[in-house]
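# I would like to see how this sequence folds:
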Amino acid sequence: QVQLVESGGGLVQAGGSLRLSCAASVRTFSTYAMGWFRQAPGKEREFVAAISRNGGSTYYADSVKGRFTISRDNAKNTVYLQINSLKPEDTAVYYCAARSGGTYSSVPRLYDYWGQGTQVTVSS
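Below you'll find the predicted structure:
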């Protein structure tokens, strides 16, 4: 069983930045591909970014390319999402997810474990 705990969300003005963290309680963190997703009120959960098990490959949704950066520190069992140039439309609950035994993916159902989410609210 993998537990994921997100942190770092908050209220920020448009144009600001946040760094989200997701800490995993598992010894074999480096065997999990990781992803970030978000869900705004009344909308489906959508893919944001994903990273391979060793951090060597990353993948982004078109809507966040150039503004969001995903990274991981396998020694700390943590994955990060640096969010810059925030826009009001980035307002959502952000979730991290872990996928065992496979490559990174933008498909939510392929992930095995999910955190509880952290709220990001961007004011205009």
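# In the protein, which residue is most central in space?
A centroid search over the chain (Cα atoms, centre = their mean) returns residue 36, at 2.4 Å, as the residue closest to the centre.
# Name the residues of the one helix or strand it maps to that come out as buried.
Assigned by DSSP states H and E, residue 36 belongs to strand 32-39. Judged by neighbour count (16 or more other Cβ atoms under 10 Å), strand 32-39 contains these buried residues: 32, 33, 34, 35, 36, 37, 38. From N, CA and C alone the C-beta is placed, and that goes for glycine too.
# Need the contact partners of the following helix or strand past it.
The element immediately downstream of strand 32-39 (helix or strand, assigned by DSSP H and E) is strand 46-51. The list of residues contacting strand 46-51 from outside it, by Cβ atoms under 8 Å, 6 or more residues apart in numbering, reads 33-39, 57-61, 64, 68-72, 79, 81, 94, 104-108.
# Among these, name the buried ones.
For those, a burial check counting by 16+ other Cβ under 10 Å picks out 33-38, 59-61, 64, 68-70, 72, 79, 81, 94, 104-105, 108.
# give me the number of residues near the residue lying closest to the residue nearest to the centre of the chain once chain neighbours are set aside?
With Cβ to Cβ, 6 or more residues apart in numbering as the criterion, residue 36 has its nearest non-adjacent residue at 4.3 Å, and that residue is residue 48. For residue 48, the tally of surrounding residues (other Cβ atoms under 10 Å) stands at 25.
# And the strands in this structure, which stretches?
4-7, 10-13, 18-24, 32-39, 46-51, 58-60, 68-73, 78-83, 92-100, 113-114, 118-123 (DSSP state E).
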